[in-house]
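This is a predicted model, with the sequence first.
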Amino acid sequence: MPSPSSRFCALIPSYNLARTIACVVRRTQLYLADIFVVDDGSSDDTALLAVESGATVLKVAANGGKGWALRQGFREVLRGNWEGVVTLDGDLQHDPDDIPLIIAAYERSGADIVVGSRMRKAEKMPRLRYYTNRVGVFCISWAAGQPLEDSQSGFRFYRRRVIESIPLRTTRYDTETEIVIKAGLEGMKIISIPIKTIYYRGDDMVSHYRPFTDTFHISMVFLKSLFWRRGIPL
């Protein structure tokens with residue numbers, strides 16, 4: 001296996017993921033030499049285990065949401081010289097073994113954003129998440145001006161210029177929607193590639209996504225984008 005790449009880094013927003021974070025960090029290290037874990041106000045040993053596994057941990061004092069954790073991580077990434085950043089969740093619903101596929105798609109296409117799409121095996125997605133995602137994909141594709149397969153996947157590659165140039169205002173799961181819409185409005189290229197679809201049920205379910213509340217916030221980003229298209233910042 002080739003040595004882990006130093007051209008790119010990994011960013012893993014995490015909240016109370018002591019059960020899985022060490023495994024995610026260790027597996028990500030096979031592909032990327034530099035890993036940032038943003039501990040978003042966890043009350044468990046997420047930060048400790050991430051450090052012991054070899055990640056650089058950025059601690060947020062109080063839980064601010066996934067988007068807030070991403071924003072803190074992006075700020076740290078820009079202090080370095082990485083060409084881009086791979087974001088993935090710390091709950092093992094994203095398979096780090098797909099990282100080379102995402103990077104290869106960037107190198108092949110020159111895209112600014114590569115989104116790992118779960119929709120080619122959508123039967124594994126919880127039904128409520130599937131239907132909200134389908135509605136979101138239609139609206140967000142229109143707002144971004146280019147087709148998207150999976151608007152809510154957090155397994156992504158961002159070229160450096162994306163996080164350098166796009167101002168972010170949101171703080172929760174709506175942040176990933178804000179990024180792709182604003183990137184699309186700036187004429188940046190966004191592509192999708194298939195990734196493994198991993199969902200857990202029962203006691204193994206660790207997602208903090210709130211279907212109604214977070215879908216509402218994402219919908220508000222879409223509505224704001226109608227103003228962004230006219231050059232009106234909100």
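Yes, it's here.

Where does pLDDT dip in the protein?
Scanning the chain for pLDDT under 70 picks out 1, 120-135, 199-212, 214.

Which residue comes closest to the residue positioned nearest the centre of it once chain neighbours are left out?
Centroid check for the chain by CA atoms, centre = their mean gives Gly154 as the closest residue, at 2.9 Å. In this structure, Gly154 finds its nearest non-sequential neighbour in Asp89, 5.4 Å apart by CB to CB, 6 or more residues apart in numbering. Where you see a C-beta, it was placed from the backbone N, CA and C, and this is true even at glycine.

Could you do Ile193 as well?
Nearest non-adjacent residue to Ile193, counting by CB to CB, 6+ apart: Ala105, 4.7 Å away.

Pro194 pairs with what?
Beta-bridge pairing of Pro194 under DSSP bridges involves Ser117.

who touches the residue nearest to Ile193 in this structure?
Each residue near Ala105 by CB atoms under 8 Å, 6 or more residues apart in numbering is listed here: 111, 114, 157, 191, 193.

mind running it again at 7 Å?
111, 114, 191, 193 (CB atoms under 7 Å, 6 or more residues apart in numbering).

The last one is in contact with Leu101, isn't it?
By that I understand Ile193. Yes - applying CB atoms under 7 Å, one finds Ile193 in contact with Leu101, separated by 6.1 Å.

which of these two has more neighbours?
Ile193 (21 against 15; other CB atoms under 10 Å).
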